[in-house]
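Asks: Coordinates for the following, if possible.
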Amino acid sequence: MTIEFSKPLAARETPIPGVVLYELPVHGDNRGWFKENWQREKMVALGLPDFRPVQNNISFNEKAGTTRGIHAEPWDKFISVATGRIFGAWVDLREGPSFGAVFTAELDPSQAIFIPRGVGNAFQTLEDNTAYTYLVNDHWSADAQSQYTFLNLADETAAIDWPVPLDQAELSDKDKAHPRLAEVEPMPSRKILVVGADGQLGKALRGLYDGDPSVEFAARADFDLSKEESFDGRNWKNYSAIINAAAYTAVDAAESPEGREAAWQVNVSAVARLARTAIEHDLTLVHVSSDYVFDGSRESHDENEPYTPLGVYGQTKAAGDAVVSVVPRHYIVRTSWVIGEGSNFVRTMASLADRGIKPSVVNDQIGRLSFTEDIAAGIRHLLESRAPYGAYNLSNDGEPQSWADIAGDVYELRGASGDDVTGVSTEEYFAGKSAAPRPLKSILDLSKIKGAGFVPANSAERLTAYLRG
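Replies: Alright, predicted model coming up:
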């Protein structure tokens, strides 16, 4: 065996998405050689996913021509050779456009390869006494084994050109009996789990992802965030992300003792369970936040502004944000004045306009509406574009308005007169009522989300479309 010493660490893409071949520096002298087989910091810097291995396996093979595979497991692998040489063959067995793609290469101790979940893996030893090693990011279990996908080593479609013909190679009876590609059921993608799927945003996400088998929706009856058994009963390795569309949003009721308890349970304690799950299973957590985490004293709010909540609801949302921020892979999506399917301010004003009622509406709270279809689209963009993790403001764009301004627009769009709406201050409107304090300025700076490639629709255009729809 001849090893090329001291070549630089490098990565090479392959025809299979996510499969990356690495050249490893090997340092040799009269005593032998040394290499860093797995070096997290350097390899992540080269683009390797930070896949968090939990187990190291070694396959020792006495004879050249020993052949194993083709097996696709529900976890990622980082494969290398300790001694000897192999011919490696990899076939994409994941559902999607690259299903059936093939890559082959010879590996000695100066190479390694990253194999994502669902890519079929096989090798044939080219020398006696070859030791094949691999790191994996999950432990074997009967449930995991039930998700394996297999392909016959002699499949004609893959047409792998084995150096040692299979009829002369050492292989198991099981590997000889695996199905051909035409009979293989592709391994499903990891799923996105949407919790709170029966709320306004949850319904918008249902509409956006309609028919997508990689997205699973859980209403409260299906997944109760307050119960540990909801978390214990799932194989989280089958998921890639959680979108938390659940929240306690009764701003005024949260000021009561019962409401305070409920708000903290849903907006903080349940979020902590989600965060713990995301950390333990290396998931992306998308959490929807609110302008109420700020006191409204600034003209506009960017993502770096310190939390200054006024009431209990805002305090619980700020606490939930702080919890989510410790998850390595997180998106905090901060919205304001949410409008979607169900009871909301716009529908109330439309109903009043249709009945000829002339309401008094607050005119000193300034912000922008956030339509749930745009929040949902923004969340999808962040996940699919793999935008940098962190907090993102996401409302609709356009000129900021007061609630009274928006009510006037609704009246005009319903064929009534905007003059039917009388503007009053927050203090006047809530005089004598039990109400939570509210931020007066809720204008969210949208620079960061736009910089990530998502441009929210204009609020006035969305309002028109919403009322017509």
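Asks: buried ones in the helix or strand bottoming out on mean pLDDT in the chain?
Replies: The helix or strand of the chain with the poorest confidence is helix 142-145; it has a mean of 78 (mean pLDDT, DSSP states H and E). Residues residue 144 are the ones in helix 142-145 that count as buried (16 or more other Cβ atoms under 10 Å). C-beta coordinates here come from the backbone N, C-alpha and C atoms, glycine included.
Asks: Low-confidence ranges, the protein, go.
Replies: 1-6 (pLDDT under 70).
Asks: Show me where it has its helices.
Replies: Under the criterion DSSP state H, helices of the chain are mapped to 40-45, 142-145, 173-176, 200-208, 228-232, 257-264, 270-281, 312-324, 345-354, 372-385, 403-413, 426-429, 447-451, 459-468.
Asks: Residue 311 reaches residue 251, doesn't it?
Replies: Yes: between residue 311 and residue 251 there is a contact under Cβ atoms under 8 Å: 6.8 Å.
Asks: Common neighbours of those two, please.
Replies: Counting by Cβ atoms under 8 Å, 6 or more residues apart in numbering, the common neighbours of residue 311 and residue 251 are 292, 436, 438.
Asks: which one among the residues you listed gets closest to residue 411?
Replies: Distance to residue 411, by Cβ to Cβ, is smallest for residue 438 among the shared contacts of residue 311 and residue 251, at 22.7 Å.
Asks: hang on, the closest one packs against residue 310?
Replies: Yes: using Cβ under 8 Å, residue 438 is in contact with residue 310, at 7.0 Å.
Asks: more neighbours, those two?
Replies: residue 438 (21 against 18; other Cβ atoms under 10 Å).
Asks: ok, back up a step: any idea how far the least confident helix or strand of the chain is from the middle of the chain?
Replies: Centre-to-centre, helix 142-145 and its host chain are 24 Å apart (Cα atoms, centre = their mean, to the nearest Å).
Asks: again with stretch 314-327
Replies: From the chain centre to the centre of stretch 314-327 is a distance of 18 Å (Cα atoms, centre = their mean).
Asks: And that stretch, what's buried?
Replies: Within stretch 314-327, the residues that qualify as buried are 314-321, 323-324, 327, counting by 16+ other Cβ under 10 Å.
Asks: same question, stretch 241-256
Replies: Of the residues in stretch 241-256, 241-249, 251-255 count as buried by neighbour count, 16+ other Cβ under 10 Å.
Asks: chain center to it: distance?
Replies: In terms of Cα atoms, centre = their mean, the gap separating the centre of stretch 241-256 from the centre of its chain is 21 Å.
Asks: do the same with stretch 182-198
Replies: Counting by Cα atoms, centre = their mean, stretch 182-198 is centred 13 Å from the centre of its parent chain.
Asks: One more: stretch 212-232?
Replies: 15 Å.
Asks: Just the terminal-to-terminal distance for that stretch.
Replies: For stretch 212-232, the first-to-last residue distance is 25 Å (Cα to Cα, to the nearest Å).
Asks: Identify the residues contacting it?
Replies: Residues outside stretch 212-232 that contact it (Cβ under 8 Å, 6+ apart) are 188-198, 202, 205-206, 209, 239, 246, 265-266, 269-270, 273-274, 277.
Asks: List only buried entries from those.
Replies: In those, burial by neighbour count holds for 188-198, 202, 205-206, 209, 239, 246, 266, 269-270, 273-274, 277, counting by 16+ other Cβ under 10 Å.
Asks: Tell me, how many residues neighbour residue 168?
Replies: When neighbours are defined as other Cβ under 10 Å, residue 168 has 9 of them.
Asks: For it, which residues are in contact?
Replies: With Cβ under 8 Å, 6+ apart, residue 168 has these contacts: residue 65.
Asks: Could you check how far it is from residue 59?
Replies: Going from residue 168 to residue 59 by Cβ to Cβ, to the nearest Å gives 20 Å.
Asks: Residue 11 now?
Replies: The value you get for residue 11 to residue 59, if Cβ to Cβ is used, is 24 Å.
Asks: and what of residue 257?
Replies: Distance, residue 257 to residue 59, using Cβ to Cβ: 62 Å.
Asks: Who has more neighbours out of these two?
Replies: A direct count of neighbours by other Cβ under 10 Å for residue 257 and residue 59 places residue 59 higher, at 16 against 7.
Asks: For the more buried one, give its distance to residue 115.
Replies: Distance from residue 59 to residue 115, by Cβ to Cβ: 14 Å.
Asks: what's the answer for residue 200, then?
Replies: Taking Cβ to Cβ, one finds residue 200 at 41 Å from residue 115.
Asks: For residue 184, which residues are in contact?
Replies: For residue 184, the contact set (Cβ under 8 Å, 6+ apart) comprises 93, 149-151.
Asks: meant to ask about residue 393, not that
Replies: 301-303, 334-335, 444-446, 448-449.
Asks: cool, residue 337 as well?
Replies: 291, 345, 367-370, 395, 442 are the contacts of residue 337 under Cβ under 8 Å, 6+ apart.
Asks: picking up where we left off before, neighbour-wise, which of residue 200 and residue 115 wins?
Replies: A direct count of neighbours by other Cβ under 10 Å for residue 200 and residue 115 places residue 115 higher, at 24 against 21.
Asks: what bridges to the nearest residue to that one once chain neighbours are set aside?
Replies: Distances taken as Cβ to Cβ, 6 or more residues apart in numbering place residue 77 nearest to residue 115, at 4.3 Å, with adjacent residues excluded. Counting by DSSP bridges, residue 77 forms beta bridges with residue 115, residue 136.
Asks: residues near residue 77, how many?
Replies: Residues contacting residue 77 under the criterion other Cβ under 10 Å number 20.
Asks: just checking, it touches residue 123?
Replies: No: Residue 77 sits out of contact with residue 123 when judged by Cβ under 8 Å, with a separation of 11.4 Å.
Asks: Kindly report the domain assignment for the chain.
Replies: 10-183, 191-468 (automatic domain parsing).
Asks: so how far does stretch 21-29 reach from one end to the other?
Replies: 26 Å.
Asks: can you list contacts of it?
Replies: 3-12, 14, 33-37, 43, 46, 48, 80, 105, 109-114.
Asks: let's go with 10 Å and repeat that
Replies: Under the contact criterion Cβ atoms under 10 Å, 6 or more residues apart in numbering, stretch 21-29 has outside partners 3-14, 33-39, 42-43, 46, 48, 78-81, 88, 90, 103, 105, 107-114.
Asks: do you know how far the spatially closest residue to residue 90 that is not a sequence neighbour is from residue 428?
Replies: Leaving out its chain neighbours, the residue that sits closest to residue 90 by Cβ to Cβ, 6+ apart is residue 103, at 5.0 Å. For residue 103, the distance to residue 428 equals 70 Å [Cβ to Cβ].
Asks: Of these two, which one has the most company?
Replies: residue 103 (18 against 12).
Asks: Touching, that one and residue 113? I think so.
Replies: Yes: with contact defined as Cβ atoms under 10 Å, residue 103 and residue 113 form a contacting pair (8.8 Å).
Asks: Overlap in contacts, these two.
Replies: Residues touching both residue 103 and residue 113 by Cβ under 10 Å, 6+ apart: 14, 19, 21, 88, 90.
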